[in-house]
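Chemist: sequence unavailable; structure follows:
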């Protein structure tokens, strides 16, 4: 049985030409017209890539720091000892006490949005990998969250870092800002994100790399993009 579309959604859908593939400029001009929620919605990007994540070399994963931030307040937890723990505190990390963090995680208290660790602490984090892993919170060198440069990692996390990972169907989703952002800042964030995805293209990926792309707001239908120009963003 077909899912019933609400009157609100129907009104929004009427503003989108579903036979058209929009340019980036057209899509971001349209977003304010399809905003209906009372809160400041997140602007979301969805890409479908021509990769097979079952092959290790086509498992696309990484991070990118958006030039205009994400509009979100990010709570950062850092697993580090000694001078590196002090550096993390000075950089503005929200939680640094490794023993207390470990106890809280084991008790199911997840009071942070990103976890950073120095390499020597990864053994300790192994104790809670089964908790952090499924939530996408386990530190990883590919996202810059396993590092000795904890100051830079905290700054990146607080300043608009977005982590991404392709799912088993080749999809990548990310929030790139808020509906309240000026269009030019959203477009700049979008282009920075797509540029990073293009640079992550595996040598073994054949054919059209970005197969489908769309932008949307948290509570809106999606706006389909023309993917041809996206692959030229470098």
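Modeler: Received, thanks. Since this is a predicted model, take the numbers as computed values, not measurements.

Chemist: okay, CA-based contacts and neighbour counts for the rest of this
Modeler: Fine.

Chemist: least trustworthy helix or strand in this structure by mean pLDDT?
Modeler: In the chain, the helix or strand scored least confidently by mean pLDDT, DSSP states H and E is helix 7-13, which has a mean of 78.

Chemist: chain center to it, what's the gap?
Modeler: With C-alpha atoms, centre = their mean, to the nearest Å as the basis, helix 7-13 stands 27 Å off its chain's centre.

Chemist: now do that helix: everything it contacts.
Modeler: Helix 7-13 is contacted from outside by 34, 220, 221, using C-alpha atoms under 8 Å, 6 or more residues apart in numbering.

Chemist: give me the buried positions along it.
Modeler: 12, 13 (16 or more other C-alpha atoms under 10 Å).

Chemist: kindly report the same for stretch 224-234.
Modeler: With burial defined by 16+ other C-alpha under 10 Å, the residues of stretch 224-234 counted as buried are 224, 225, 226, 227, 230, 231.

Chemist: now swap in stretch 203-221 and tell me
Modeler: The neighbour-count check on stretch 203-221 (16+ other C-alpha under 10 Å) flags 209, 210, 211, 212, 213, 214, 215, 216, 217, 218, 220, 221 as buried.

Chemist: for stretch 119-127, same thing?
Modeler: For stretch 119-127, burial by neighbour count (16+ other C-alpha under 10 Å) applies to 119, 121, 122, 125.

Chemist: show me where the chain has its strands.
Modeler: Along the chain, counting by DSSP state E, strands occupy 42-49, 61-65, 76-79, 114-117, 161-165, 171-178, 210-217, 223-224.

Chemist: which parts of the chain are helices?
Modeler: In order along the chain, the chain carries the following helices (DSSP state H): 7-13, 24-30, 82-91, 98-106, 122-125, 129-132, 150-159, 183-199.

Chemist: ok, which of those comes nearest residue 49?
Modeler: Nearest of the helices of the chain to residue 49, taken as C-alpha to C-alpha: helix 183-199 at 9.4 Å.

Chemist: between the closest one and strand 42-49, how many degrees?
Modeler: Computed with axes from the mean of the first three to the mean of the last three C-alpha atoms, to 10 degrees, the direction of helix 183-199 lies at 30 degrees from that of strand 42-49.

Chemist: remind me which residues of the chain are low pLDDT?
Modeler: Low-confidence segments of the chain (pLDDT under 70): 1-5.

Chemist: which parts of stretch 91-109 are buried?
Modeler: Within stretch 91-109, judged by 16+ other C-alpha under 10 Å, the buried ones are 91, 92, 93, 94, 95, 96, 98, 101, 102, 105.

Chemist: nothing else from me, thank you.
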